[in-house]
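> okay, structure incoming, though there's no sequence with it:
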């Protein structure tokens with residue numbers, strides 16, 4: 001299971017995400033759908049703690 005709590009992302013003083021919570025349960029298939037440029041890859045970067053401007057509580 002992966003739990004992500006209280007995700008916030010700010011770029012150049014603009015709040016992109018604020019206090020987002022999501023849980024991915026084991027044994028389930030999950031997909032992320034969105035338009036080009038809608039920050040889908042950002043979620044993968046968050047999981048690997050690449051983004052320094054992001055605040056989040058991540059449990060795996």
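It's in. In this text the structure is predicted, and so the values were computed from the model without any measurement.

> residue 7: neighbour count?
By the criterion of other C-beta atoms under 10 Å, residue 7 has 19 neighbours. Where you see a C-beta, it was placed from the backbone N, CA and C, and this is true even at glycine.

> ok, it touching residue 15?
No. Contact between residue 7 and residue 15 fails when scored by C-beta atoms under 8 Å: they sit 11.4 Å apart.

> name the residues of the helix or strand encompassing residue 6 that are buried.
Per DSSP states H and E, residue 6 falls inside strand 2-11. Going by neighbour count (16 or more other C-beta atoms under 10 Å), the buried part of strand 2-11 is 4, 7, 9.

> so what's the gap between stretch 10-23 and the chain middle?
9 Å (C-alpha atoms, centre = their mean, to the nearest Å).

> how about residues contacting that stretch?
Applying C-beta atoms under 8 Å, 6 or more residues apart in numbering, the contact partners of stretch 10-23 are 1, 2, 3, 4, 5, 6, 7, 8, 9, 39, 53.

> state the mean pLDDT of that stretch.
Confidence for stretch 10-23, expressed as mean pLDDT, is 82.

> and that stretch, which residues are buried?
So for stretch 10-23, counting by 16+ other C-beta under 10 Å, buried means residue 17.

> name the SS class of the residue lying farthest from the centre of the chain, please.
Of all residues in the chain, residue 27 has its C-alpha farthest from the mean position, at 19.9 Å, by C-alpha atoms, centre = their mean. The three-state label given to residue 27 by DSSP: H, G, I helix; E, B strand; the rest coil is coil.
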